[in-house]
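[1] What follows is a predicted protein model with its sequence.
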There are 2 protein chains.
Amino acid sequence: MAANSQFSMAVHVLTMLASSGEEKMKSDCVAASVNTNPVVIRRLLGQLNQANLVISQTGAAGGTRLAKCPKEINLGDIYKAVECGEVFALHAKSPNQDCPIGKNIEAVLCNLQKEIDNTVGEKLSQYTLQSVIEMVERGEV
Amino acid sequence: MAANSQFSMAVHVLTMLASSGEEKMKSDCVAASVNTNPVVIRRLLGQLNQANLVISQTGAAGGTRLAKCPKEINLGDIYKAVECGEVFALHAKSPNQDCPIGKNIEAVLCNLQKEIDNTVGEKLSQYTLQSVIEMVERGEV
DNA sequence: TCATTTGTAACTATACTGGTTACAGTTATG
DNA sequence: CATAACTGTAACCAGTATAGTTACAAATGA
């Protein structure tokens, strides 16, 4: 499975929650749409909860609903909330520190990594959850 | 190891090649700086070769050099040349097609994925290999 | 009290990444 | 021309992250 699909799943989950409005939704129901296990959904909801994007309630008649309206949630918020990895990884092993290039390249790449991550976050912030819902309703576009 | 560091390694490799100018460099030498196996480097060079960023020569006294000068190579070219995965992955399993949201969300996310990938490519294109070399020489910045 | 639901820990299967060995093909050089 | 020194690749392996699964404690409404 490798490549991390948490962001995709998170957008899907939040779109589902939006569709039920004020009504709380159960993890089983969301899982059925995402086609995965309810525990996977609950794990994801835990992260979205920490980022104050959703509100959950335990116990019978419990469930989860959006913490804000879909116009007030943007995809940048979601990207930051979930553990999607970085856009590109740094070296697995540290480069040779005796080589002048090996010694300095990591810091350069690390700065670049942060900058690209910001760029992605900014771009995603241009889309609200509401706009995703509209795209889904229109059947893509 | 999971997260893909091919882009980072590719930038490192090309910076090394740039440092030797017109001189061909052996994969062993590059591998020593990256701190990995020469085969890993040769695999990467194969991709960079297909993208016309480097020129390799087999046989004794063989090796690899840049195909263009460092000012004419930008990081967007490198990003496109190597198999870094996508910024975020789509669903592992296809969502439930009987759910109106599950049915359409994939296409929306797929378009978004392409757009983000383009955004990253454009941002990276702002940096030339030359500028990376200068950052490395100055010791980061 | 009891059924229902979330929150979490623990374990597993899968698959990707990069390291390694091995070897065929190419080429400079004595 | 024989040989040594490279690259290009295939094949295999070890490590690890992802997400699927089971199990169960805690919370809560009825």
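    On my side now, so go ahead.

[2] quick one: residue A:130 from residue B:92, how far?
    Taking C-beta to C-beta, to the nearest Å as the measure, residue A:130 falls 26 Å from residue B:92. (C-beta placed from N, C-alpha, C; glycine too.)

[3] Chain neighbours aside, what residue packs nearest to residue A:97?
    Among residues not flanking residue A:97 along the chain, residue A:103 sits closest, at 5.0 Å (C-beta to C-beta, 6 or more residues apart in numbering or on different chains).

[4] next one: the helix or strand harbouring the one you found to chain centre, how far?
    Using DSSP states H and E, residue A:103 maps to helix A:100-125. Distance of helix A:100-125 from the chain centroid (C-alpha atoms, centre = their mean, to the nearest Å) equals 20 Å.

[5] Tell me the helix or strand right after it.
    helix A:129-137.

[6] residues in contact with that next one?
    A:11, A:14-15, A:18-19, A:69-71, A:73-75, A:78, A:141, B:100-101, B:104-105, B:108 (C-beta atoms under 8 Å, 6 or more residues apart in numbering or on different chains).

[7] From those residues, keep the buried residues only.
    The neighbour count (16 or more other C-beta atoms under 10 Å in any protein chain shown) marks A:11, A:14-15, A:18-19, A:70, A:73-75, A:78, B:101, B:104-105, B:108 as buried among these.

[8] so what's the residue nearest to residue A:3 when sequence neighbours are not counted up against?
    Using C-beta to C-beta, 6+ apart and skipping the chain neighbours, the partner closest in space to residue A:3 is residue B:89 (3.6 Å). Applying C-beta under 8 Å, 6+ apart to residue B:89 gives the contacts A:3, A:4, A:5, A:8.

[9] can you tell me how far residue B:89 sits from residue B:73?
    28 Å.

[10] And residue A:122, by the same measure?
    For residue A:122, the distance to residue B:73 - C-beta to C-beta - is 26 Å.

[11] Equivalent analysis for residue A:123, please.
    24 Å.

[12] Alright, calling it a day.
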